[in-house]
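> Provided below for reference: sequence and predicted model.
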Amino acid sequence: MSKYLYIQPDLIKNNMFGDDQMIKTFIGMYLTHCQTDFNNLSQAVEQQDLAEISSKAHHMKPTMAYIGAKELHVQFQVLETAARRGTDLALILPLFHDLKKQFNHVMMELDHFYSSLS
């Protein structure tokens, strides 16, 4: 049983052909880029820009799948679809806030996994 709730280290290792240096390099990049991407999504939410919310959520989905965070991949899809369909912000905000909590947890897990690599 994995000690992680969201990420799947075995999937990450498999995706990187078991190359520890490659894994460490990519996880380091994910830690930086995912946080920047999420900050951009947060800004779109603050600006109530549905088109940008949809675009930014869409942009983040592949990384969530790549690290095995399936639940977050689905939540980014839900947020993207809601924004694209013009759903009222009063309904989008709770989706975003739940997603934000889980995203922060994923980032902690990813950071822990990164630190555990030799």
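Nice, I can see it.
> Gly86 contacts Ala51, doesn't it?
No. Applying Cβ atoms under 8 Å, one finds Gly86 not in contact with Ala51, separated by 9.6 Å. (C-beta placed from N, C-alpha, C; glycine too.)
> show the pLDDT at Ser118.
If you check Ser118, the pLDDT there is 72.
> residues contacting it?
Going by Cβ atoms under 8 Å, 6 or more residues apart in numbering, Ser118 touches Asp20.
> likewise Val106?
Taking Cβ under 8 Å, 6+ apart, we find Val106 in contact with 6-7, 64, 67, 69, 72.
> the residue nearest the centre of the chain and His58, how far apart?
Central residue of the chain (Cα atoms, centre = their mean): Met64, 4.7 Å from the mean position. From Met64 over to His58 the distance is 11 Å, taken as Cβ to Cβ, to the nearest Å.
> which non-adjacent residue is nearest Val78?
Leaving aside its chain neighbours, Val78 sits nearest to Leu95 (6.2 Å; criterion: Cβ to Cβ, 6 or more residues apart in numbering).
> and for Leu72?
Nearest residue to Leu72 in three dimensions, chain neighbours excluded: Met64, at 4.4 Å (Cβ to Cβ, 6+ apart).
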